[in-house]
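Asker: this one's sequence-less:
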């Protein structure tokens, strides 16, 4: 039958065994951290050379987030920015960087170029990976900054585009027949730049 002293003795033995294993692991953990650092440095160097040799963006490669490097990350941000688009994070189901639109409100005057973003998205769609649910995703950056929902577009192979959000409650969103119709809808209801304050005063 176990006693307090016998349990204490067993705990002490296990603690000693644990400390011995930790002593063995510590140098291995330091070596592993060093290896990670060396790999990261070499990956960054390789990507920088690949970028310098490229005459045009390799979008299939740029949108891949693993393996990632500082050179590749900065190049992706710059290349998408030149197309009038944005990116932040990645889709876990496809392991690709997000492609994010931020549209000017329909009828408003501003710096966002909806036509340029539309042309850019149509050019990029072949490089965006379809997920296992059968659609490609485009993120939407809109004026509420996701206060109520996070919105995105689901682009299907037949050309239909569904406006979707992260919650199973609240406003229902439509499915449009084309990417052009989807952009029109987003510019009316989920725009980023516009005259929100004037609209609130009119209401």
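Answerer: Cool, got the structure. Everything quoted here is computed from the prediction, not taken from an experiment.
Asker: show me where this protein has strands.
Answerer: With DSSP state E, the ranges of strands along the chain come out as 90-91, 96-97, 100-101, 135-140, 151-156, 161-165, 175-176.
Asker: for the ones you listed, which one sits closest to residue 83?
Answerer: In terms of Cβ to Cβ, the element of those nearest to residue 83 is strand 100-101, at 10.3 Å. C-beta here means a position set from N, CA and C on the backbone, and glycine is covered the same way.
Asker: so for the closest one, mean pLDDT?
Answerer: For strand 100-101, the mean pLDDT works out to 98.
Asker: quick check: closest non-adjacent residue to residue 173.
Answerer: residue 163 (3.8 Å; Cβ to Cβ, 6 or more residues apart in numbering).
Asker: tell me what that neighbour is bridged to.
Answerer: residue 153 (DSSP bridges).
Asker: OK, contacts around it?
Answerer: 151, 153-154, 173-176, 182, 185-186, 190 (Cβ atoms under 8 Å, 6 or more residues apart in numbering).
Asker: closest to residue 55 among the residues you listed?
Answerer: residue 153 (30.4 Å).
Asker: residue contacts, the closest one?
Answerer: Taking Cβ under 8 Å, 6+ apart as the test, what residue 153 contacts is 101, 137-138, 140, 161-164, 179, 182, 186.
Asker: what about 6 Å?
Answerer: The neighbours of residue 153, taking Cβ atoms under 6 Å, 6 or more residues apart in numbering as the test, are 138, 161, 182.
Asker: look up the pLDDT of residue 167 for me, please.
Answerer: So, for residue 167, pLDDT stands at 76.
Asker: point to the residue nearest the middle of the protein.
Answerer: residue 90 (2.3 Å; Cα atoms, centre = their mean).
Asker: gap between the longest helix along the chain and the chain center?
Answerer: In the chain, taking DSSP state H as the definition, the longest helix is helix 4-53. Centre-to-centre, helix 4-53 and its host chain are 29 Å apart (Cα atoms, centre = their mean, to the nearest Å).
Asker: just the pLDDT for the residue nearest to residue 173.
Answerer: 95.
Asker: what residue ranges in this protein score low on pLDDT?
Answerer: 168-171, 196-203 (pLDDT under 70).
Asker: now with 50?
Answerer: For the chain, the stretches with pLDDT under 50 are 197-203.
Asker: before we move on, back to that, can you list the strands of the chain in a markdown table and add distance to residue 12?
Answerer: Listed next are the strands of the chain as a markdown table, based on distance: least, Cβ to Cβ, whole Å:
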| stretch | distance to residue 12 |
| --- | --- |
| strand 90-91 | 48 |
| strand 96-97 | 52 |
| strand 100-101 | 57 |
| strand 135-140 | 55 |
| strand 151-156 | 56 |
| strand 161-165 | 56 |
| strand 175-176 | 66 |
